[in-house]
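Enquirer: got a sequence here, can you build the structure:
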Amino acid sequence: MTSTVSPRTGGQVLVDQLILHGVQQLFCVPGESYLAVLDALHDAQIAVTVCRQEGGAAMMAEAQGKLTGQPGICFVTRGPGVTNASAGIHIAHQDSTPLIVFVGQVARGALGREAFQELDYGAVFGTMAKWVVQIDDARRVPELVSRAFHVATSGRPGPVVVALPEDMLTDAVQVADALPYTVPETHPGAAALQELAERLAAAERPVAILGGSRWSEQAVRDFVAFAQAWSLPVYCSFRRQMLFPADHDSYGGDLGLGVNPKLLARIRASDLVLVVGGRLSEIPSQGYELFDIPVPSQPLVHVHADANELGRLYRATQSIHATPQAFANALAALQPPDAVHWAAHTQAARAEYLAWSDPDPIRIPGPLQMGEVMRHLREVLPADAIFCNGAGNFATWVHRFWPFTAYASQLAPTSGSMGYGLPAGVGAKRLWPQREVVVFAGDGDFLMHGQEFATAVQYGLPIIVVLLDNAMYGTIRMHQEREYPGRVSATQLKNPDFKAYAAAFGGHGERVETTAEFAPALARARASGLPCVLHCLLDPEAITPTGTLQGIRSAAQARKPG
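Expert: Numbering: from 1, shown residues only. Below you'll find the predicted structure:
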């Protein structure tokens with residue numbers, strides 16, 4: 001932190017603000033449009049991770065934002081650089097993750113001429129980011145960077161895009177630093193808490209659904225204590241399973257894709273739904289059909305950090321404007337009734353989850369049985385292992401069969417962005433090198449950002465990639481067979497030897513074709529001390545844990561007239 005007002009370049013002022021706001025790491029793909037920032041970083045106490053593609057850099061930064069609640073920081077160059085990064089920006093938007101993307105811009109004198117790689121960032125990212133700003137005066141860097149941190153973290157967190165004209169970054173200015181940013185917490189009122197307690201006490205079949213961001217390890221502990229005291233069944237929203245421990249007697253599963261039908265039935269039959277932090281968007285609401293819009297048939301208590309989200313889709317019976325952290329902390333003041341009369345309801349929800357998440361009875365076509373693979377992972381991996389995945393049917397194996405019991409142990413895009421798992425794993429391992437990081441990927445998913453395996457090798461990050469290869473874009477093929485049975489088009493893939501791929505980058509590779517081969521391959525990979533890929537070959541028929549392509553095709557054909 002600089003306390004004087006000695007002349008500094010715009011780039012130096014910017015880096016000083018990052019340090020002042022607590023930034024310790026950032027991700028980038030270098031570009032000539034922000035060379036002055038790269039020069040200022042040369043002597044700064046910030047760990048810089050150089051990535052191979054801007055989308056990967058943005059996803060790594062977003063992953064750190066998701067794990068810490070502090071803005072992930074990404075630097076990319078103008079034009080094609082920032083458009084490459086747009087997938088990560090979109091993830092941060094839909095996942096409510098604090099992220100700040102700094103992007104170079106053409107010199108101020110060339111603006112508006114469609115100069116080399118020029119973009120109007122407000123027009124391009126205005127609907128994707130919480131705020132887009134261009135800093136044209138280096139003296140305003142402290143002001144606008146401070147605002148970027150506040151916007152990214154307040155209310156419903158999200159991405160901020162900051163454009164940096166290259167000549168502004170070389171201007172020498174005298175300007176004082178800002179103060180470190182702070183995140184305001186919105187607390188629930190005593191009357192609102194008392195009303196909630198009365199609603200709960202009067203209910204017969206209440207449930208809680210946890211989602212969104214602005215949680216913390218302490219907030220999870222606080223809500224666990226509340227659920228324990230009230231014997232309340234708790235479900236997690238789509239890809240938010242780290243918000244409640246799966247080994248707790250109150251946990252009933254998650255509202256994701258391919259959800260347990262008994263879970264849905266229990267929520268539909270509930271007479272009070274407490275939603276904390278989440279938006280009940282398309283996936284957790286099961287295509288907006290689980291709850292009626294605008295007025296749900298079940299009494300709904302909606303708790304959210306952003307007032308704009310309350311009443312946006314659902315007219316709640318009770319709306320509470322509060323952050324998950326403040327709300328969970330305040331729940332300790334609520335005294336449960338002497339006898340919780342829905343205990344059997346909670347026990348039944350728990351039993352349904354345990355039966356659904358048991359991998360032992362799962363059998364799929366082919367010699368590699370993923371149910372047994374998941375059972376082995378549950379036996380040998382630490383409980384706080386960080387699981388990362390992108391998008392595809394392969395992710396079901398993690399979401400359904402891995403018991404998330406630790407906060408900050410899940411990195412998965414609620415936006416459904418493919419290619420996320422590997423960059424997220426790099427971001428997680430760069431942040432917490434002592435934690436074990438496991439990336440689940442499909443063959444199509446992996447190669448969308450497979451080049452970031454080189455980043456893992458460069459920085460000595462021994463992540464484990466479990467790569468499930470069925471030689472197709474499996475999710476799309478599944479839908480294709482359902483809608484157009486037998487008419488395979490544009491979903492088949494011819495893949496490389498991923499074991500050799502890993503070795504070519506300087507990592508460790510294993511080829512796994514049978515169940516018996518998985519455990520020793522995993523042991524060798526973990527012992528290697530290198531980033532590794534376990535190339536697991538799946539029978540293409542094994543499209544889901546309980547369904548086959550032929551089964552989906554036959555069912556679709558049976559529905560067709562004639």
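
Enquirer: contacts only, for the closest residue to Ala556 other than its chain neighbours.
Expert: Distance criterion CB to CB, 6 or more residues apart in numbering; nearest residue to Ala556, sequence neighbours excluded, is Pro485 at 4.0 Å. From N, CA and C alone the C-beta is placed, and that goes for glycine too. Pro485 sits next to Ile552, Arg553, Ser554, Ala556, Gln557, Lys560 when contact means CB atoms under 8 Å, 6 or more residues apart in numbering.

Enquirer: so how far is Lys560 from Pro485?
Expert: Noted for Pro485: a distance of 7 Å to Lys560, by CB to CB, to the nearest Å.

Enquirer: quick one: the strands in the stretch 451-562 of the chain?
Expert: Read by DSSP state E, counting those that start in this stretch, the stretch 451-562 of the chain holds these strands, from start to end of the chain: 464-469, 508-512, 532-537.

Enquirer: just to revisit the earlier point, can you check the pLDDT for the residue nearest to Ala556?
Expert: Per-residue confidence (pLDDT) for Pro485: 93.

Enquirer: so, low pLDDT: which residues of the stretch 451-562 of the chain?
Expert: 562 (pLDDT under 70).

Enquirer: what segments of it are helices?
Expert: 453-458, 474-483, 498-505, 515-528, 549-559 (DSSP state H, counting those that start in this stretch).

Enquirer: most tightly packed of those?
Expert: Greatest average neighbour count among the helices of the stretch 451-562 of the chain goes to helix 453-458 (a mean of 22), per mean count of other CB atoms under 10 Å.

Enquirer: how about low-confidence regions in the stretch 1-150 of the chain?
Expert: The stretch 1-150 of the chain contains residues with pLDDT under 70 at 1-4.

Enquirer: picking that back up, closest one to Val273 among the strands of the stretch 451-562 of the chain?
Expert: Closest approach to Val273 among these is made by strand 464-469 (34.7 Å; CB to CB).

Enquirer: dump the strands of the stretch 451-562 of the chain to CSV, plus distance to Met128.
Expert: Shown next, in CSV, are the strands of the stretch 451-562 of the chain (distance: least, CB to CB, whole Å):
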stretch, distance to Met128
strand 464-469, 29
strand 508-512, 36
strand 532-537, 32
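
Enquirer: and for Lys560, the neighbour number?
Expert: Neighbour count of Lys560, defined by other CB atoms under 10 Å: 7.

Enquirer: what residues are up against it?
Expert: The contact partners of Lys560, taken as CB under 8 Å, 6+ apart, are Pro485.

Enquirer: and if you look at Ala246?
Expert: Shown in contact with Ala246 (CB under 8 Å, 6+ apart): Tyr353, Ser357, Pro403, Phe404, Thr405.

Enquirer: can you tell me which of those residues is closest to Thr396?
Expert: Of all the contacts of Ala246, the one with the least separation from Thr396 (CB to CB) is Ser357, at 11.4 Å.

Enquirer: please verify my assumption that the closest one contacts His399.
Expert: No - in this structure Ser357 lies outside contact range of His399 using CB atoms under 8 Å: 9.6 Å.

Enquirer: neighbour count for those two, which is higher?
Expert: Per other CB under 10 Å, whichever of Ser357 and His399 has more neighbours is His399, with 24 against 19.

Enquirer: quick one: that one from Ala406, how far?
Expert: To Ala406, His399 is 16 Å away according to CB to CB.

Enquirer: please name the residues that touch the residue lying closest to Trp230 once chain neighbours are set aside.
Expert: Distances taken as CB to CB, 6+ apart place Pro336 nearest to Trp230, at 4.6 Å, with adjacent residues excluded. Pro336 makes contacts with Ala201, Ala229, Trp230, Ser231, as judged by CB under 8 Å, 6+ apart.

Enquirer: roughly how far does the third one sit from Pro159?
Expert: Plainly put, Trp230 is 36 Å away from Pro159 if you go by CB to CB.

Enquirer: more neighbours: these two, which one.
Expert: Pro159 (35 against 23).

Enquirer: per-residue pLDDT, the more buried one?
Expert: Listed pLDDT for Pro159 reads 98.

Enquirer: ok, it - contacts?
Expert: If you count contacts by CB under 8 Å, 6+ apart, Pro159 has them with 62, 89, 92-93, 97-101, 128-130, 152.

Enquirer: nearest to Ala307, of those residues?
Expert: If you rank these by distance to Ala307 using CB to CB, Lys130 comes first, at 14.7 Å.

Enquirer: got phi/psi on that closest one?
Expert: Backbone torsions of Lys130, given as degrees, to the nearest 10, read phi -70, psi -30.

Enquirer: disregarding residues adjacent in the polypeptide, which is nearest to it?
Expert: Spatial nearest neighbour of Lys130, excluding adjacent residues (CB to CB, 6+ apart): Gly158 at 4.1 Å.

Enquirer: give me the distance between the closest residue to Val259 other than its chain neighbours and Asp254.
Expert: Spatial nearest neighbour of Val259, excluding adjacent residues (CB to CB, 6+ apart): Gln286 at 7.0 Å. Using CB to CB, one obtains 12 Å as the distance from Gln286 to Asp254.

Enquirer: list residues touching both of the two?
Expert: Counting by CB under 8 Å, 6+ apart, Gln286 and Asp254 have no common neighbour.
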